[in-house]
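> below is the sequence, then the predicted model.
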Amino acid sequence: MTVLSICIPTRNRQVYAMSAVRYMLACDRQDFEIILADNSDDAAPLAQFAADCNDQRLKLLPPEDQVLSMRANWERIIPESSAEWVSYIGDDDYLDPKLCEVIRVTRKVVPNVDAMTWGRLYFTWPDVRTGPELTKMPSGSHLVGIKKDDMMRKLFFWEKASDRPMCAFGVYHGAVKRSLMEDIRTTFNNEYFGHPIVDYDNICRTLMVAKGLVYFERPMSVFGACKESNTMGLRDEKVAEKLFKVFRNEMDKELEAANFPFPMELGLTAQIGHVIEAFKQEQGIEITAWEENFIKACARNCETHYSRKAFEARKSGYRQAIKEWRGKKALALFEPKFKYRPDIPPFIGFHNNELSFDMDIGGAESAAEYYNILGNMMFPIELLEGRL
């Protein structure tokens, strides 16, 4: 039985997708499949790659006659998959097929589980680093049952948010049971994904329908950032502007929520705010007492900048939007501080159950290599059932 469908939508970043797939197929497990949805301008590279792999676990969806939106490319994958569980990653990311074993063990102890997530790893591909970069690796390895009400507050009320809601239960770098994805489709307009920003849209939908949530502390995947990735837009304003222009040109649905005057270009917090507000408006959900937490998250979004100029520009933009949205009094809640201190050496070591270290550890050249190196430092998946 196929336990897991690993879904990889890609557009004109074939070399990164090939790297991830090649390492996944090196795994000797036979209970997973990879669905590679190619939305590239040139179909030849991935077609040749799939032919060379000659592995029944890999299924390639070729480009269609015209370029698909990101949402449409994600949407077409699930009907072509066959596994009991579904997980999506980016083409410059990596996911461990041993997640199948985690799912098997989890079902034994939490029979009603239908949505899972896990610890996070982050990898900036070497060709875009401008110098040494530090990263963190969670050290835990327990399966933790999560209360749905807690996640609802974290997502829709922005409770204890950083620059984004602290809720990661969705199909992107998470796993959702196929039956739950079908419930999402039938519940919400016959679509798996309803907003152009697909990851947070799916979190909203998953959380509304899910019955059993489980968090695995150990990382099972890597968020990659290559030079063409959307993540690079968080680092470089010029890159962000270019990427967002392309995204707008190719999207097939409305991006902004009504009566929410935060320009998408302001940053991640504004973008996620639009996704959640659009979902609430679409479903007729009316809640109060979330605005203060959101405004504080806007301040934290400003504080992610290392450049004083970029910090001030974003601060000014958010101030204007908040004033228009909730009036001048609301600005009392918006107090971002420029926190970057290049004179203070970054911390390397173990703190709060996380290990901080140089991302160049082991000289990894790809997200897959990076995961395999760090995998030698993490709890062995094969021992998970024995410790429960």
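Sure thing, it's come through. Residues are numbered from 1 along each chain as shown.
> give the buried residues for the longest strand seen in the chain.
Longest strand in the chain, counting residues (DSSP state E): strand 213-225. By 16 or more other CB atoms under 10 Å, the buried positions in strand 213-225 come out as 213-216, 218-225. To be clear about C-beta, it is placed using only N, CA and C from the backbone, and glycine gets the same treatment.
> pick the one among those closest to residue 280.
Comparing those against residue 280 with CB to CB places residue 213 closest, at 20.5 Å.
> pLDDT below threshold where in the protein?
Residues of the chain meeting the criterion pLDDT under 70: 229-240.
> all helices of it, in order?
14-25, 44-53, 70-75, 99-109, 148-156, 178-187, 198-209, 237-250, 268-283, 291-302, 308-326, 367-375, 384-387 (DSSP state H).
> show residues contacting the third one.
This means helix 70-75. Outside helix 70-75, the residues within contact range by CB atoms under 8 Å, 6 or more residues apart in numbering are 7, 9, 11, 37, 39, 88, 191-196, 198, 247, 250-253.
> what's around residue 332, how many residues?
Using other CB atoms under 10 Å, residue 332 has 8 other residues around it.
> likewise for residue 303?
Neighbours of residue 303 (other CB under 10 Å): 17.
> and it, what does it touch?
163, 311, 336-339 are the contacts of residue 303 under CB under 8 Å, 6+ apart.
> measure the spatially closest residue to residue 252 that is not a sequence neighbour to residue 5 for me?
Closest residue to residue 252 apart from its sequence neighbours, by CB to CB, 6 or more residues apart in numbering: residue 69 at 4.1 Å. Between residue 69 and residue 5 the distance, using CB to CB, to the nearest Å, works out to 21 Å.
> go on, residue 201?
Residue 201 sits 19 Å away from residue 5, going by CB to CB.
> so between the two, which is more surrounded?
Shown here are residue 201 and residue 5; by other CB under 10 Å, residue 201 has more neighbours (26 against 23).
> hang on, isn't the more buried one packed against residue 191?
No: counting by CB atoms under 8 Å, residue 201 does not reach residue 191; the two are 9.5 Å apart.
> residues shared between the contacts of the two?
Contacts common to residue 201 and residue 191, judged by CB under 8 Å, 6+ apart, are absent.
> how about the contacts made by residue 105?
Residue 105 touches 143, 384-385, 388, counting by CB under 8 Å, 6+ apart.
> closest one to residue 319 out of the residues you listed, please.
The nearest one, if we look at the contacts of residue 105 relative to residue 319 and count by CB to CB, is residue 143, at 43.0 Å.
> identify the residue nearest the geometric centre of this structure.
Nearest to the mean C-alpha position of the chain, by CA atoms, centre = their mean, lies residue 172 at 5.0 Å.
> dump the residue contacts of it.
Contacts of residue 172 by CB under 8 Å, 6+ apart are 88-89, 198-199, 202-203.
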